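[1] Requesting a structural model of the entry that follows:
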Amino acid sequence: MPHAMMRAAVLAAVGGGAACALAGGAGCGWEDECASDAESARQYVEAARLQNLSCAAPADCTTVSVSTSCQGDCPAVVSVAGKAAVEAAVAEANERWCDDRAGCGYATPSCIMPEPVCEKGACADAAP
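    Numbering: from 1, shown residues only. Reported below is the predicted structural model:
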């Protein structure tokens, strides 16, 4: 049985912290694995976003959702031309790190919508 399926079965049968105690002690290592997967996905999407910031005018900039199935995140500024590449990176991150995360938590921060502007040839957030 794959690790994630075993984790889901134990959590479903017992639930939360009690599952960890029964399955091998505090922490079970699952939290670390979940956090590592979420961070890998976040870094992958951020790398794609950073490669897609070029602009010549404010109209060249927009926002994009960078939330993955691992964790929510605030929308980010990206070039209009690069938005599809960032969305593809989110889909790839979900497939590589996030879709098989039974038993992992999910959180989304409170966000202020970014205000896309073009500064010195790169899309940026004008919001304070």
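[2] could you say which helix or strand contains the residue nearest to the spatial centre of the chain?
    In the chain, the centroid-proximal residue (C-alpha atoms, centre = their mean) is Thr68; its distance is 3.7 Å. Using DSSP states H and E, Thr68 sits within no helix or strand.
[3] nearest spatial neighbour of it, skipping sequence neighbours?
    Counting by C-beta to C-beta, 6 or more residues apart in numbering, Thr68 lies nearest to Ala41, which is 4.5 Å off, once chain neighbours are set aside. For every residue, glycine as well, the C-beta is placed using N, CA and C.
[4] Check Ala56 too.
    Cys118 (6.8 Å).
[5] buried residues in the helix or strand where the one you found lies?
    Secondary-structure assignment from DSSP H and E places Cys118 in strand 116-119. Across strand 116-119, burial judged by 16 or more other C-beta atoms under 10 Å covers 116-118.
[6] again with stretch 110-128
    Neighbour count says stretch 110-128 has 114, 116-118, 123-125 buried, by 16+ other C-beta under 10 Å.
[7] What segments of the chain are strands?
    Secondary structure of the chain (DSSP state E): strands at 61-64, 76-79, 116-119, 122-125.
[8] tell me what the longest helix anywhere in the chain is packed against?
    Criterion DSSP state H: the longest helix present in the chain is helix 30-50. Here helix 30-50 touches helix 83-93, going by 3 or more C-beta pairs under 8 Å, 6 or more residues apart in numbering; DSSP states H and E.
[9] Tell me which residues are up against the helix it packs on.
    40-42, 44-45, 47-49, 51-52, 62, 64-68, 70, 76, 78 (C-beta atoms under 8 Å, 6 or more residues apart in numbering).
[10] Buried among these? Need that as a selection in PyMOL.
    Buried members of the contacts of helix 83-93 can be picked out in PyMOL with the line below, counting by 16+ other C-beta under 10 Å:
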select buried, resi 40+41+42+44+45+48+49+52+62+64+66+67+68+70+76+78
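[11] All set now, cheers.
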